[in-house]
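> the following block contains a protein sequence and its predicted model.
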Amino acid sequence: MASRYDLRSIVVQTLFECDFRNNWDLDNVRSILRRNFNKEVQEISLWQDTPEFATKLGEGVLAKKDILDQLIVKSAPEWPLEKIDMTNRNILRLGIFELLFGKDLDVPAKVAINEAVEMAKAFGGETSGRFINGVLANIYKDLENNKS
């Protein structure tokens, strides 16, 4: 059975491809997600069940992409969205989605941030982990302040 980290990694790969091709059509996202799942299953037999968690993440990011992008722009004003490395941009989209909507998926905010930072360290550049952590920490603080 795949860990949630493994599933998130597949979602980030899918988002990266959609971003690269600039094709955010739901059928395209589902097709790429399915292909990435099948590739991983053949290579290392990651899971036995339907990857429902990852599907909810991928489709959720797609549905909220405009909101997520606005939050990235607001939280990293010195970095225009198109100038953020594509890997970091999609890790941020996923991380912000989990911060905002993770309760529905049983994902605590701190887990969402930690998983995004770990993914940035694994797939991004030398400073990606710090960048992702800074942006997500700002968004988390804003969420906490708005609760009060």
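Yes, it's here. Numbers count the residues shown, from 1 in each chain.
> would you map the helices across the protein?
4-21, 26-44, 52-75, 86-101, 109-123, 128-147 (DSSP state H).
> next, the angle helix 109-123 makes with the fourth one.
Helix 86-101 and helix 109-123 are oriented at 170 degrees to each other (axes from the mean of the first three to the mean of the last three Cα atoms, to 10 degrees).
> and the third one, by the same measure?
The directions of helix 52-75 and helix 109-123 differ by 90 degrees, with the same axes, to 10 degrees as the criterion.
> and for helix 52-75, what are the contacting residues?
4, 7-8, 10-11, 14-15, 18, 24, 26, 29-30, 33, 37, 80-81, 84, 89, 92-94, 96-98, 100-101, 105, 135, 138-139, 142 (Cβ atoms under 8 Å, 6 or more residues apart in numbering). Using the backbone N, CA and C atoms, a C-beta is placed for each residue, glycine as well.
> which among those end up buried?
Buried residues within the contacts of helix 52-75, defined by neighbour count using 16 or more other Cβ atoms under 10 Å: 4, 7-8, 10-11, 14-15, 18, 29, 33, 37, 84, 89, 92-94, 96-98, 100-101, 135, 139.
> phi and psi next, for Ile84.
Main-chain torsions, Ile84, degrees, to the nearest 10: phi -80, psi 130.
> read off the pLDDT value for the residue nearest in space to the middle of the chain.
The residue lying closest to the centre of the chain (Cα atoms, centre = their mean) is Leu94, at 1.9 Å. Note on Leu94: pLDDT of 98.
> likewise for the one 3 residues further on?
For Phe97, the pLDDT comes out at 97.
> residues contacting it?
57, 60-61, 64, 68.
> go ahead and confirm Ala109 touches Gly102.
Yes: the criterion here is Cβ atoms under 8 Å, and Ala109 meets it with Gly102 at 6.7 Å.
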